[in-house]
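Trainee: Let me see the structure of the following:
(2 chains, ligands or ions: 1)
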Amino acid sequence: MKAFTQVTGIVAPLDRANVDTDQIIPKQFLKSIQRTGFGPNLFDEWRYLDQGFPGQDYTQRPLNKDFVLNQEPYTQAKILLTRQNFGCGSSREHAPWALDDFGFRCIIAPSFADIFYNNCFKNGILPIQLTEEQVENLFHLVTENKGFTFTVDLESQTIKAGDESQSHLLDEIKFDIPAPRKSSLLKGLDEIGETLVHSDVIRAFEEKYHSANPWL
Amino acid sequence: MAQTLYDKLWQSHLVMDRDDGSSLIYIDRHLLHEVTSPQAFEGLRLAKRPLWRLKANVATADHNVPTTPDREVIKDEVSRIQVETLGRNCSDFDITLFDLADRRQGIVHVVGPEQGLTLPGMTVVCGDSHTSTHGAFGALAHGIGTSEVEHVLATQCLVQTKSKNMRIWVDSPLSAGVTAKDLALYICGQIGTAGGTGYALEFAGPGIEALSMEGRMTLCNMAIEAGARAGMVAVDQTTIDYIEGRDYAPKGENWEKAVAAWKQLHSDADAVFDRDIKINGAAIEPQVSWGTSPEMVISVNEPLPLPENEVDSVKRDGMKRAYEYMGLTPGAALADITPDRVFIGSCTNSRIEDLRAAAEVAKGRKVSPKVKQALVVPGSGLVKAQAEKEGLDVIFKEAGFEWREPGCSMCLAMNADRLEQGEHCASTSNRNFEGRQGYGGRTHLVSPATAAAAAIAGAFVDVRTVMNQGAQ
Ligand code: SF4
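Mentor: Residues are numbered from 1 along each chain as shown, chains lettered A, B, ... in the order given. Model (predicted):
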């Protein structure tokens, strides 16, 4: 797992609720057996005017100029600001892979779907949950100040203006994050390796469990 | 202390609490398919890690597979590589695979229960969000991502934090012509697609007890559409009767022991839920989704909702966007929409009971000439065989439906079965997201009976009216 400590970058506002993982990365790209290369097809149906398919030369495709990630400076964005229930639907980890591949390291929303939330941490992406009101205020801030940057720091659990000269526009925001999530993300641990440290405990559990449930 | 069903399942699989407040949970059954597993196997190989418990794992190919009779040679090269990769991974690691030549092949969430691979009291996971289906058996079942697939393969455990408890109590059986699918859609409409986020969801009450296992699976399948990773139903005689005699179900003395243990798998009478919702089952009508989220759903005889009546501005914007995508007008009637295609299938509604319900409507009637294609895709080879034994295939074909081979098919259109841009579909699947059934496609989620009625009428109509009219 990749570690996450701090990121400073442009915030892209994606003003939609219930963005599902089919939208984040459409199914035809799930046919890949790799973990990388999904970035150009992130939000494919919103980003391009034509229909995408795997293996195509995306540089030749007609762009939807109205879509936020096609507008400068958001092609360079590292932080995504969006609405409630982000990442609902399918469990595809290709969704965080695509976000990561595009360059996003942090997503801010009022709520996330459970499986997607979990998948983010496995890939060094920090999903931050704020209140609806906070998110609404941030939408105003970043749309009125195009290219506004945040510095997100996991250790101190804070969001502030990425650029000192703009700090008067944004009071530091504290965010909550479950303790186990924070510690594993900060360290970027190999989770399987961590679990296997407890092999003896698992084996002992297994033995007892299977003798109590002999049909399994 | 009184425990919920979820508390009991959690407790019995708790290997250890970790220092950081999370827990290690033991996994009994791990189901695999071709789309979310390749990168996990690759990870194991790179780290030179063996499987922890071989027999916990069973695989089948479903998402990419063609549903036409010549399907064993997959023409789409990328799909073929993915299905072949699953085959190679299973043979390298020695995992049981139901491949395209095996009559047990089918949609992973149909196959597991059908084989008796899903049993009460188990923890069941799969790299697929509709794993919640298996909760119908009094199991703790949920979807996982590919990193977790690898974690389960290597350790037989998952790192989890406990969810909160939520119960949906359905106080009375559903009315005639109304099915578990209508109930599932109704619940999405009531609590919203994020309503169950952070909860383990238990469906209970007389309305649930009256449901068959197929119905319970349909309902738990869509728990994820209501935001809950896991949905579940307590074990009762209906559960036990369904499992008895299945290939992987316990036999003999073990069967007796298992049944005795399974009978404990229900919430204690005085268990407390963090959230408790009551629903009047008898009052629910056939449901049809009109928008691009499963919560955008109405009763079949209601007019399409007006965005200006929505007080929440984010929701209102979502509705407007959905109307634009769906090409529909607020206030219009569902009966004015013609489904260009009809799809009966998916892990929500492709089991034998679903096909029977659709066939009952199709029998002696004809698919409307306004409908370009009406597909019936059984959930597994065994469902298909059973349906053919009952003559359902003949009923469908005579009515003008196509009768296909098992797979996910037009539920997510990773194979050749898909909507064309702008087409409306009456679909028994679970997601009406933009583009889900094909680029620019417009999905209306319905029950199998309502889908068949839509095919016959060439419009979204009340299936009860169609049935009352009698066959032509
Ligand atoms: S039928 Fe649809 S929802 Fe079910 S597993 Fe297949 S693709 Fe997923």
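
Trainee: In chain A, where's the longest strand?
Mentor: Assignment by DSSP state E gives strand A:6-14 as the longest strand of chain A.

Trainee: Say whether the ligand is contacted by the helix or strand following that strand.
Mentor: Downstream of strand A:6-14, the next assigned helix or strand under DSSP states H and E is helix A:21-24. No - Helix A:21-24 does not reach the ligand (C-beta under 6 Å from any ligand atom); its nearest approach is 10.2 Å. No exception for glycine: its C-beta is placed from N, CA and C like everyone else's.

Trainee: got a list of contacts for helix A:21-24?
Mentor: Residues from elsewhere that reach helix A:21-24, judged by C-beta atoms under 8 Å, 6 or more residues apart in numbering or on different chains: A:42-43, A:45-46, A:87-92, A:94-95, A:98-99, A:116, B:412, B:431, B:433-436.

Trainee: What distance do you get for the residue nearest to B:Arg246 when sequence neighbours are not counted to A:Pro13?
Mentor: What sits nearest to B:Arg246 in space, not counting adjacent residues and going by C-beta to C-beta, 6 or more residues apart in numbering or on different chains, is B:Gly116, at 3.0 Å. With distances taken as C-beta to C-beta, to the nearest Å, B:Gly116 is found 50 Å from A:Pro13.

Trainee: I'd say B:Met222 and B:Leu185 touch.
Mentor: Yes - assessed by C-beta atoms under 8 Å, B:Met222 is found in contact with B:Leu185 at 7.5 Å.

Trainee: Which neighbours do these two have in common?
Mentor: What both B:Met222 and B:Leu185 touch, as defined by C-beta under 8 Å, 6+ apart, is the set B:Pro294.

Trainee: which of those two has more neighbours?
Mentor: Of the pair B:Met222 and B:Leu185, B:Leu185 is the one with more neighbours under other C-beta atoms under 10 Å in any protein chain shown, namely 31 against 27.

Trainee: Near B:Ala47, how many other residues are there?
Mentor: Neighbour tally, B:Ala47, other C-beta under 10 Å: 13.

Trainee: rewinding a little: next up, the contacts around the residue nearest to B:Arg246.
Mentor: So B:Gly116 contacts B:243, B:246-249 (C-beta under 8 Å, 6+ apart).

Trainee: Check it and give its pLDDT.
Mentor: For B:Gly116, the pLDDT comes out at 98.

Trainee: again with B:Gln472
Mentor: At B:Gln472, pLDDT is 56.

Trainee: Same question for A:Ser32.
Mentor: A:Ser32 is given a pLDDT of 89.

Trainee: Which residue, neighbours along the chain excluded, lies closest to it?
Mentor: A:Ser32 sits nearest to A:Pro54 (C-beta to C-beta, 6+ apart), 6.6 Å away.

Trainee: Pull out the buried residues from the helix-or-strand element of chain A with minimal mean pLDDT.
Mentor: Lowest mean confidence among the helices and strands of chain A (mean pLDDT, DSSP states H and E): helix A:179-187, at a mean of 91. Buried residues in helix A:179-187, defined by neighbour count with 16 or more other C-beta atoms under 10 Å in any protein chain shown: A:180-185.

Trainee: Pull out whichever of those are also neighbours of chain B.
Mentor: Counting by C-beta under 8 Å from any C-beta of the partner chain, A:180, A:183-184 from the buried residues of helix A:179-187 sit close to chain B.

Trainee: Which one of those residues is nearest to chain B?
Mentor: A:Pro180 (3.8 Å; C-beta to the nearest C-beta).

Trainee: Tell me how far that closest one lies from A:Gly193.
Mentor: 16 Å.

Trainee: try B:Lys257
Mentor: 37 Å.

Trainee: If you count contacts, what does the least confident helix or strand of chain A end up packed against?
Mentor: Under the contact definition 3 or more C-beta pairs under 8 Å, 6 or more residues apart in numbering or on different chains; DSSP states H and E, helix A:179-187 sits against helix A:114-121.

Trainee: just how off-centre is the helix it packs on within its chain?
Mentor: 8 Å (C-alpha atoms, centre = their mean, to the nearest Å).

Trainee: and B:Val152, what element?
Mentor: Assigned by DSSP H and E, B:Val152 falls in helix B:146-155.

Trainee: Whether whatever helix or strand comes next after that helix contacts chain A - can you check?
Mentor: Per DSSP H and E, helix B:146-155 leads on to strand B:157-160 as the next helix or strand towards the C-terminus. Yes - using C-beta under 8 Å from any C-beta, strand B:157-160 reaches chain A at B:157, B:159.

Trainee: again with stretch B:81-93
Mentor: Yes - applying C-beta under 8 Å from any C-beta, one finds stretch B:81-93 in contact with chain A at B:81-82, B:85.

Trainee: Just the buried residues of that stretch, please?
Mentor: Here stretch B:81-93 shows B:81-83, B:85-87, B:89-90, B:93 as buried, counting by 16+ other C-beta under 10 Å.

Trainee: and what of stretch B:261-276?
Mentor: Neighbour-count burial for stretch B:261-276 [16+ other C-beta under 10 Å]: B:261-263, B:265-267, B:271, B:273.

Trainee: Let's see which of those end up in helices.
Mentor: B:261-262 (DSSP state H).

Trainee: Which one of the buried residues of stretch B:261-276 is nearest to the ligand?
Mentor: Checking the buried residues of stretch B:261-276 against the ligand with C-beta to the nearest ligand atom, the nearest one is B:Leu265 at 25.0 Å.

Trainee: Would you mind measuring from that closest one to chain A?
Mentor: Between B:Leu265 and chain A the computed distance is 12 Å (C-beta to the nearest C-beta, to the nearest Å).

Trainee: Give me the distance from the helix holding B:Val152 to the chain's centre.
Mentor: The answer for helix B:146-155 is 23 Å, by C-alpha atoms, centre = their mean.

Trainee: What lies in contact with that helix?
Mentor: A:1, A:35, A:93, A:118-119, A:122-123, A:191-192, A:195-196, A:202, B:27, B:30, B:32, B:36-37, B:39-41, B:43-44, B:47, B:49-52, B:57, B:93, B:125, B:127, B:144, B:157-159.

Trainee: buried subset of these?
Mentor: Buried, going by 16+ other C-beta under 10 Å: A:1, A:35, A:93, A:118-119, A:122-123, A:191-192, A:195-196, A:202, B:27, B:30, B:32, B:36-37, B:39-41, B:43-44, B:49, B:51-52, B:57, B:93, B:125, B:127, B:144, B:157-159, out of the contacts of helix B:146-155.

Trainee: Next one: B:Ala454 from B:Ala335, what distance?
Mentor: 10 Å.

Trainee: between these two, what contacts are shared?
Mentor: B:460-461.

Trainee: Please say which of these two ends up with more neighbours.
Mentor: Remark: of B:Ala454 and B:Ala335, B:Ala454 carries more neighbours, 33 against 15, as counted by other C-beta under 10 Å.

Trainee: Just confirm that one is within a strand.
Mentor: No - assigned with DSSP: H, G, I helix; E, B strand; the rest coil, B:Ala454 falls outside any strand and is helix.

Trainee: quick one: what helix or strand has the nearest residue to it once chain neighbours are set aside in it?
Mentor: Distance criterion C-beta to C-beta, 6+ apart; nearest residue to B:Ala454, sequence neighbours excluded, is B:Ala426 at 3.8 Å. Taking DSSP H and E as the criterion, the element that holds B:Ala426 is strand B:424-427.

Trainee: Show me what the mean pLDDT comes to for that strand.
Mentor: pLDDT averaged over strand B:424-427 gives 98.

Trainee: hmm, who's touching that strand?
Mentor: B:326, B:337-343, B:346, B:410-411, B:419, B:437, B:441-446, B:450-451, B:454-455, B:460.
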